[in-house]
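Asks: structure, please.
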Amino acid sequence: MNAAPSQIHTLGRLIAAGSIIPYLGPAMLELCTEVQIPASPLALAERITAKASVPHKIRHRLTQAAQFIENFKHRKTLVGLMNEAFATVPPPSRLHLALAASRAPLLVDTWYGDTLLHALRQARPQGDWGQVQGLSQSEHFGVWTAAYAAGGALLDRQDEPDLPPGWETLLYRPLGGRAPASNYLVSDTDFVEVLTEIDIQTPIPRAVQALRSGRSFLFIGCRFDDQLARAFARQIMKRSSDTHWAVLQGPLTRMEQRFLAEQNIQRIDLPLAEFAASLSDALTAAEAMAA
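Replies: The predicted structure follows:
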């Protein structure tokens, strides 16, 4: 659908009310300036293989290239390359900041950079939020996630359905992220381990499972032309509401069309920048009304 301004305003109001969960992908970086980090799996594959030689046939395949580096140059080398790739943080866009300020109970960020994390720190310095990141089984065997306070301190707590005291918002980073501890799910082995268990929800934090119940998802900056992207989205939104939205402009692949129909995701066929401007306005208006 081509969303009317009133529809986008409604989406913003529902995010602010806690009824819709924003689910952000790497294309959110298109809204930022001074972007020096990879903004897609292909760009990331090219970045890490420029620093470590891999067979030519897998140079553009992120998970396979990462696996080769892990196997033949050690996991620490792969983590170091990821840290280097995401060493800088693009300044948050207006939409990043508006989402951070919205006090949505759950935000999902499916890229490795720290822009949304910095938006939360900027919009809510009081620290009434925290994050949970997915962990690689290569480095944390038997432990699927780690929770961190707003300041980056690791929390010594089990995977629990309730948020820690004082948290109003949970930032969930299923693929990990650079800050604060360089946790990355990026190699074939990382994903095989998670996908083996994800259908029974073991790698999905219990707090995420609780917060998604009865809520809808709004996918921004995501594409579903990759099996991994579809698998993670499908399992993260499991047992949530039966109505969702995705901002997707232009032709869709056959698999994307099938996925949207399967998950009852309504397509918003608008340029990302146009949608972001309207949603930012709506979130700002909702915040002003709540003040």
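Asks: does residue 33 touch residue 91 like I think?
Replies: Yes - under the criterion of CB atoms under 8 Å, residue 33 makes contact with residue 91 at 6.2 Å. Where C-beta positions appear, they are placed from N, C-alpha and C, glycine not excepted.
Asks: show me where the stretch 51-200 of the chain has its helices.
Replies: 62-73, 75-85, 94-101, 115-123, 188-198 (DSSP state H, counting those that start in this stretch).
Asks: how much space separates residue 168 from residue 100?
Replies: According to CB to CB, to the nearest Å, residue 168 stands 12 Å off from residue 100.
Asks: settle it for me: which of the two has more neighbours?
Replies: residue 100 (24 against 14; other CB atoms under 10 Å).
Asks: so who does that one touch?
Replies: 92, 107, 116, 119, 120, 122, 123, 124 (CB atoms under 8 Å, 6 or more residues apart in numbering).
Asks: with residue 236 instead?
Replies: Neighbours of residue 236 in contact, by CB under 8 Å, 6+ apart: 23, 108, 172, 174, 204, 208, 212, 217.
Asks: out of the residues you listed, flag the one nearest to residue 160.
Replies: residue 208 (11.4 Å; CB to CB).
Asks: what bridges to the nearest residue to the closest one once chain neighbours are set aside?
Replies: Nearest residue to residue 208 in three dimensions, chain neighbours excluded: residue 172, at 5.2 Å (CB to CB, 6 or more residues apart in numbering). Beta-bridge partners for residue 172, by DSSP bridges, are residue 108, residue 132.
Asks: residue 172 and residue 272, how far apart?
Replies: 21 Å.
Asks: residue 84: neighbour count?
Replies: So residue 84, with other CB under 10 Å, has 14 neighbours.
Asks: count of residues packed around the closest residue to it other than its chain neighbours?
Replies: Spatial nearest neighbour of residue 84, chain neighbours left out: residue 51 (7.2 Å); criterion: CB to CB, 6+ apart. Number of residues near residue 51 (other CB under 10 Å) recorded here: 12.
Asks: now do residue 51, the pLDDT please.
Replies: On the pLDDT scale, residue 51 is placed at 93.
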